[in-house]
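>>> okay, sequence plus prediction incoming.
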Amino acid sequence: MESSNSKMAPQTSLFQVFLRLRPPMQQNSTKVPTEPWLLVEQPTPKIQDNEEQIQKSHPTHITLQPPNDSRKRAIERFGFTKVFHEEASQLDVFEEIAAVENIHNVLKNGRDGLIATLGVTGSGKSHTILGTKSQRGLTQMSLDVLYRSIGSNIRRPCHPDLPTDTQLLESLQASDPSDAHIFPATTFLENIYTDGDRARFSRAQTPMAGIGSRAQTPLMVGPPSAVPGSFPMSPGPSVPSSARDSFATARSSFASDATIRSPQSTRLPQPRRLCRPLGKHTTAVHDQPLPIVEEDAPQREPWHLPSKANVWERFSPKRKHAKKSLIQDSFPMHNARKPPMPRPSTFAHEPDMASYATHIDPQCDYVVLVSMYEVYNDRIFDLLSSTPSSGPAMSTRQGAALQKGLMRRPLLFKNTEMSDRKVVAGLKKVVCSNYDEAMMVLETGLTERRVAGTGSNSVSSRSHGFFCIEVKKKVRGNDYAGHHLNQWSGGTLSIVDLAGSERARNAKTTGSTLAEAGKINESLMYLGQCLQVQSDCQQHGTKPIVPFRQCKLTELLFSNSFPSSNDPSHSRPPQKAVMIVTADPSGDFNATSQILRYSALAREVTVPRIPSVTEAMGALKPAGHSGRNTPMDMPQNYFSAQELEQARHEIDRLAEECNALVVRLTEEEIKRTEAELRLQASEEQAAVREQEVREECWEEMETMLEKEKERWRAALDEERINSQEYMDEKIEILEKNVSFDIHEDQDPNGRVDELERENEVLRGKLAALEQEMQTRSPTKKKTAPKTPGKKTSKVVLEETTSTNIIQNPFLASLREMEKQTIVLQPSSNSDEEAVRLSEISPRKLTLRGSSVRASAMTSSSQEEILLPQTPGTTKKKTRKLTTRKWEVDDDIF
Ligand SMILES: Nc1ncnc2c1ncn2[C@@H]1O[C@H](COP(=O)(O)OP(=O)(O)OP(=O)(O)O)[C@@H](O)[C@H]1O
């Protein structure tokens, strides 16, 4: 047997590593039975061990016998702190991993504890941590032991008979190093489960509803309450009004707190009864006397809240179908109605932990805070800060994921001033006064956790879940004097359900589930590297330098594994960490062996010996007794003994070499598998990075575009303002320099009237002139001599500006007429009336004298003059106008 790593030195390990084997599933019985490849070695009893000890002793080693396929693979042997058989119960595991010691450390010394499960998907990690409907897991058992141990030394922020202990909450808040948001469990649960009951509550406000209708509501668990609108409860004594008041106070304090911190604060319900006092201790689990805790203070049963389901139904086969559909969209809090509030009566009560309480400081007050978060895609998300369910839910899974991704804010794991350790900052922490409250909070958080159905496991965890039970203690009587800081000290027990590693081919995952698997595998690979360093350091007895800063998961798991400072007097002890590796012996050999390789505390590689040729030859006996040589006997006859000896040596040497080569080959194969895994992980990582970079670029581009838009908008505005100012200035200058002569007669209608009047006058004048002309016509001169003293008219065209005449067609034609004929010059009578067009512009044209209607048509030297039709004169007269016929007044122009 070749041993590559055979020593185990648990004292140097950061994690104790246990192996738990999963029993075969029911449906697996139909599978063709295969040769078992995982063999558990029975422990070798020590001489001093008695019978009981021998029976109770657990094996520490297993052997992996590769299945008989074409590949010649080495046999591997792995060493663990302990190995649990398939039959091992939840309680066996709880006892053997020394969980009570862990709880004791947290309660007494403030030393942190960590219990984590690691394994291939479907191997039983969640089963170990969270149990089933009937059997509790490590989390429930630890919580039960914790509350039993603290007993009456627990401090409650909300007590049914007392007002909310706001001082307690304030002091806890002040001493918390992680910027946590601390709420009492009653307030937290009330806030979470408000939506589902709001309608009922509002109905209950009406008098009708208060009387009878609600009694038939199936959700009613207890008798109808005397108080309309009160929350239905389990049968029990009625609630004193003080309880309502205390809750109302608690709620209002939460409301004031939450308005600052939480968006959910806007959805706070109306006050209603949630607490009720009961007899000693709480449920059936708690009614056994505690061996250590003094029950000097009166115990009250926690308040109960109705529900249709509890968390462990998540894992019950009956609900699997419903759960699957729920899981399919992964985000029940967003896509579906909020689940009903859990009922403590449905919680698993087995195994009974009555005998497991541990010692506490009797002079101290204790407070238990529960917080939960998950590591998903290398980011930390609070499981108790459910995102608001308001707003339209996305229909597709990707849409919902995007919606949820956008809505959930990742938290930071960082150093803070108040802590010597890194902490997850900004978590919601819920003060739970008893086991039932803690369980309800746990269930509430689990509904937020990401799970999905895969080919390997119908309820597969897609994130690493961290359930933290933080215990704070303070010496009694030292009550909040002046400053709150550093009054509370304590430790945290973290219980971690890691997501399982999986092969895409087996899990049949696609799309985002495949991407999730990539991230899960990558983080588990980093975890494997850290564990391997631990195992290597054990072999060489050196101090491990663990590369735990490679991803969030390893940071969270390992950063508490080292003393907080180099000075031992001021240093906090490192956490006590337990890793439970789960394996399915009838599952996938390659995936399981991979996990075991990096998680085992010790590993040995054994090369199966192939019988060498020399051995085969040596085993041959001469067949001389038969008298005849068989072909196999031939060499003895043909080769000398010396030659045979030489050949044997040579063959032995070659066989040795061959064996060494096989060992090397096996190691190389292991390395190659690891490298392949690493390559796959880095490819996935590169794809994710690429996506991140693309998103970053896109965001940057968006920002730049936005900036550029802003810049252009600003420039445009500026330009507008400038041009406006410029125009204003122009107008101002114009106003200063130009004074407009605004005439009253600008009204166009008035002007037309005026012109028409003028026309009438002109026509009159013209008619008068015509008459006069006729009388003065040479043809009529003789017959009608001029009457002396008769008035004649004189039309004078006068223009102020020549342009006006040119622009006015009428006047222009007149002018033309005047030029040609020209104007009417009656005889030189001193009293003749001069018709003067003093103003020839359209507006200023004035004609004096009688009205004249003249239609002057100039055609060569002819002019047709239409005379007014005077009574008795209907004939149209056409005559030639010559210069001789008219005399033009010189002063006309
Ligand atoms: N020790 C056990 N005894 C009985 N049943 C078990 C045991 N371990 C696991 N199972 C059953 O096996 C199934 C898968 O287990 P579980 O969901 O715990 O796997 P997992 O390792 O958490 O998977 P994943 O990593 O995909 O979340 C469950 O139905 C569970 O009840």
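Cool, the structure landed.

>>> tell me the bridge partners for Asp39.
You called it Asp, but residue 39 is Leu. When bridges are taken as DSSP bridges, the partners of Leu39 come out as Thr63.

>>> pull the number of nearby residues for it.
Around Leu39 sit 14 other residues, with neighbours defined as other CB atoms under 10 Å. Using the backbone N, CA and C atoms, a C-beta is placed for each residue, glycine as well.

>>> is it fair to say Ser586 lies in a helix?
No. Per DSSP: H, G, I helix; E, B strand; the rest coil, Ser586 lies outside any helix segment and is coil.

>>> I figured it hits Thr34, correct?
Yes. Judged on CB atoms under 8 Å, Ser586 makes contact with Thr34 at a distance of 7.2 Å.

>>> which one's more surrounded, these two?
Using other CB under 10 Å as the criterion, Ser586 and Thr34 rank with Ser586 on top: 20 against 10.

>>> pLDDT score assigned to that one?
What the model reports for Ser586 is a pLDDT of 86.

>>> for Leu38, see how far away it is.
Summarising the geometry, the distance separating Ser586 from Leu38, computed by CB to CB, to the nearest Å, is 9 Å.

>>> ok, now Met25?
Distance check for Met25 against Leu38: by CB to CB, it reads 16 Å.

>>> repeat that for Pro23.
Looking at Pro23 against Leu38, where the rule is CB to CB, the gap reads 13 Å.

>>> what about the residue in the stretch 51-200 of the chain that the ligand sits nearest to, how many residues close to it?
Taking CB to the nearest ligand atom as the measure, the point where the stretch 51-200 of the chain comes nearest the ligand is Gly124, at 2.6 Å. When neighbours are counted by other CB under 10 Å, Gly124 registers 21.

>>> Ser571 too?
Counted with other CB under 10 Å, Ser571 comes out at 13.

>>> so it touches Phe562, yeah?
No. With contact defined as CB under 8 Å, Ser571 does not count as touching Phe562 (9.4 Å).

>>> can you tell me the element Leu755 falls in?
Assigning secondary structure by DSSP states H and E places Leu755 in helix 748-776.

>>> now for that helix, which elements pack on it?
Taking 3 or more CB pairs under 8 Å, 6 or more residues apart in numbering; DSSP states H and E as the contact definition, the neighbouring helices and strands of helix 748-776 are strand 793-797.

>>> now do the strand it packs on, average pLDDT.
45.

>>> please renumber so the chain begins at 683
From this message on, residue numbering opens at 683, which makes the last subject strand 1475-1479.

>>> get me the contact residues on the stretch 783-932 of the chain for the ligand.
Those residues of the stretch 783-932 of the chain that sit near the ligand, judged by CB under 6 Å from any ligand atom, are Gly801, Thr803, Gly804, Ser805, Gly806, Lys807, Ser808, His809, Thr814.

>>> ok, and the closest non-adjacent residue to the fourth one?
Read that as Ser805. The shortest distance from Ser805 to any residue other than its chain neighbours is 4.1 Å, reached at Thr1264 (CB to CB, 6 or more residues apart in numbering).

>>> what's the burial count for the one you found?
Counted with other CB under 10 Å, the burial measure for Thr1264 works out to 26 neighbours.

>>> tell me how far it lies from Arg1433.
As for Thr1264, its distance to Arg1433 is 107 Å (criterion: CB to CB).

>>> same question for Phe700.
For Phe700 relative to Arg1433 (CB to CB), the value is 112 Å.

>>> who has more neighbours out of these two?
Looking at Phe700 and Arg1433 with other CB under 10 Å, you find the greater number of neighbours at Phe700, namely 26 against 14.
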